[in-house]
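*Asks:* For reference, the sequence and a predicted model appear below.
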Amino acid sequence: ASFRVHKRLQDCLILFKKILTNIPNAKYFILGKLDNQTNKLVKRIISYYNLSDHVVFLGHVPVQSLPNYYSRADLMIYPSWIDNCPNTVVECLSSGTPVVCPDSGGVKELVGSGGIVVPENKFPKVDFTDYYCVSKIPRINYSLYLKAVLEIKKNLRLYSENARKVAERDLDIKKISNQY
């Protein structure tokens, strides 16, 4: 995976600071590479909010190792703006890892009951150049995302089971290919 500002990792880290007030021993793992703009922004946020003891950059992870990381995670926060069918969401659900995501793009259709879909404000009309302009990308609703994270944490077993069921029922490539 590659992170650019439209993935809203910067918002995830601000959210993570709020999560730490409720779950002080939480860790936030970042798998994948960051583009230069996102890297600079994320480093500033980590420093500003004093998150360095809680955020772990793993960088590029070989595909065969991903299931190990996904299955060990309690949940995945995927607040990306304008994403249709990200592999990482499918892989997390397949690993039994519930996902918190926005109700924009196709991600909400993937997640279903395998996590919590957070309502977004209506997205403004933007052109392609705005896609990389951090000031034009809508911010997440921190209180709704926090509420979703705490709900999953409270009912982790149920959401984990649901995540796996969603993957088996709705995301099996053989079932999907037989439909066409």
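*Replies:* Arrived safely, thanks for sending.

*Asks:* give the contact list for the residue nearest the centre of the chain.
*Replies:* Among the residues of the chain, the one closest to the centroid is residue 78, at 1.7 Å (CA atoms, centre = their mean). In this structure, residue 78 makes contact with 86, 88, 89, 92, 99, 100, 101, 107, judged by CB atoms under 8 Å, 6 or more residues apart in numbering. Every C-beta, even on glycine, is put in place using the N, C-alpha and C of the backbone.

*Asks:* Which ones among those map onto helices?
*Replies:* Per DSSP state H, helices hold the following members of the contacts of residue 78: 88, 89, 92, 107.

*Asks:* so what's the third one closest to, chain neighbours aside?
*Replies:* Setting aside the residues directly before and after it, residue 92 is nearest to residue 76 in space (CB to CB, 6 or more residues apart in numbering), at 4.5 Å.

*Asks:* What are the contacting residues of stretch 100-108?
*Replies:* Counting by CB under 8 Å, 6+ apart, 75-86, 89, 99, 111, 115-120, 123, 140, 145, 148-149, 152 sit against stretch 100-108.

*Asks:* cool, and stretch 160-175?
*Replies:* With CB under 8 Å, 6+ apart, stretch 160-175 has contacts from 90, 92-99, 110-115.

*Asks:* for the record, mean pLDDT for it?
*Replies:* In this model, stretch 160-175 has an average pLDDT of 93.

*Asks:* List the buried residues of that stretch.
*Replies:* Neighbour counts using 16 or more other CB atoms under 10 Å place 160, 162, 163, 164, 166, 167, 170, 171 of stretch 160-175 among the buried residues.

*Asks:* any idea which of those residues is closest to residue 64?
*Replies:* Taking CB to CB as the measure, residue 167 is the one of these closest to residue 64, at 18.2 Å.
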